[in-house]
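S.K.: fold the following for me, if possible:
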Amino acid sequence: MDIKMDMYREIMEQPRVLGGILPKNEAVLNSLVAKIKESDIKQVVLAARGSSDHCAIYAKYLIELLVGIPVSLSAASVVTLYGGELRYENTLVLAISQSGAAEDVAAVVKNGNRSKAVTAAITNKEGSLLDKEAAYGLLCAAGEEKSVAATKTFMASLYLVALLVAKWAGNSDLLKSLEALPNALVHEAAQVDSIMALAREYTFMRECITLSRGLLYPLALEAGLKMMETTYTNARGFAVSDFQHGPLALVQQDTPVFLYAPGTGAAHKDAVAAFEQYAALGADLTVFTSDEALAKKARRAVITAKADEYTEIFHHTMAAQLFACGLAIAKHKNPDAPRNIKKVTITK
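M.R.: Numbers count the residues shown, from 1 in each chain. Okay, here's the model as predicted:
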């Protein structure tokens, strides 16, 4: 498909980008893991905004599941707006910012340095504010990202998080899955035409709900954000569990609902139950899943590649990005330059 948009080109670059991340970062990853282990780390604090915050939620799940220590998401305004000073002894402070220019995120890292935390940052720009401030800099190595919508930098950030956790936990199975992932994403790349055609069925859509559970929950948030910023659709993301506590009232006949359903693992059963509930309420359901039996029940579906529960988020991410890009094209919007927002957002 000949689509002359930076967002589309950058989505399709992702398999190549992921393939270059470990060679670029392995020495720093090994040094960081060694420092973590010698520092008796008892908690992790994550600092991020926007898409990077969704990556941080994935990091929270992965670290708590595979390393077994508690993880919290920093409220950066405690430091920047209220002048708070937090005690980060025996803490890993991990910041994520694709541009590396987020001043509030950097302020959390500075606080961490002052209190002798181990500090690390994931960015796409070597020598950026955040890269300089953190003791350990991990680089997305994605090249320049021209589209305002973050795609390849978001995927690269997820990949760096997974590599860090796999090495920290000594999880060789996850490392093998990550090594195979760049080639495995060919599955989603091959579905460009069908995903774009699906997106064209939603040109009418002004609002929708994006849902998932567990390790795929951050993707529900990210998928909603991509639709918001590129197509101006009011897309609200929730965890399936939280959605039951009030927001379920939003669903009525033909409400567009996008369910990113795990095809395996602990959250699979809940996703199937959620599908059945929303279908009974009359929702206009589109399901992204590797579970072919579930996909057959849906009015519309994208079948993602089969993967373990820790890495299937990468397949869902690429499919969701392609859908958002296709929806923007169908609505005659320019996803590379949406209204009111810039590529680098500075918050304090």
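S.K.: what's the burial count for residue 282?
M.R.: When neighbours are counted by other Cβ atoms under 10 Å, residue 282 registers 12. To be clear about C-beta, it is placed using only N, CA and C from the backbone, and glycine gets the same treatment.
S.K.: also the one 10 residues further on?
M.R.: Applying the criterion other Cβ under 10 Å, we find 11 residues in the vicinity of residue 292.
S.K.: ramachandran coordinates for it?
M.R.: The phi and psi values for residue 292, taken as degrees, to the nearest 10, are phi -70, psi -30.
S.K.: identify the residue spatially nearest to it, adjacent ones excluded.
M.R.: Leaving out its chain neighbours, the residue that sits closest to residue 292 by Cβ to Cβ, 6 or more residues apart in numbering is residue 303, at 6.2 Å.
S.K.: so what's that neighbour up against?
M.R.: Contact criterion Cβ atoms under 8 Å, 6 or more residues apart in numbering gives 289-290, 292, 295 as the residues in contact with residue 303.
S.K.: distance check, it against residue 260.
M.R.: Between residue 303 and residue 260 the distance is 12 Å, computed by Cβ to Cβ, to the nearest Å.
S.K.: returning to that earlier point: would CSV of the contacts of residue 303 with pLDDT be doable?
M.R.: Formatted as CSV, the contacts of residue 303 follow (pLDDT from 0 to 100):
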residue, pLDDT
289, 97
290, 96
292, 95
295, 95
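S.K.: pLDDT wise, what is residue 153 at?
M.R.: According to the predicted model, the pLDDT of residue 153 comes to 97.
S.K.: show me how the record splits the protein into domains.
M.R.: Following the assignment in automatic domain parsing, the chain carries domains at 6-182, 185-330.
S.K.: figure out which of the ones you listed is closest to residue 337.
M.R.: Residue 337 lies closest, by Cβ to Cβ, to one member of the domains of the chain: domain 6-182, at 6.1 Å.
S.K.: what would the domains of the chain look like in a markdown table with distance to residue 336?
M.R.: Formatted as a markdown table, the domains of the chain follow (distance: least, Cβ to Cβ, whole Å):
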| stretch | distance to residue 336 |
| --- | --- |
| domain 6-182 | 4 |
| domain 185-330 | 9 |
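S.K.: which residues touch the closest residue in space to residue 171 that isn't next to it in sequence?
M.R.: The spatial neighbour of residue 171 that comes closest, neighbours along the chain excluded (Cβ to Cβ, 6+ apart), is residue 66 at 5.8 Å. Contact analysis of residue 66 by Cβ under 8 Å, 6+ apart lists 165-166, 168-169, 171, 174, 310.
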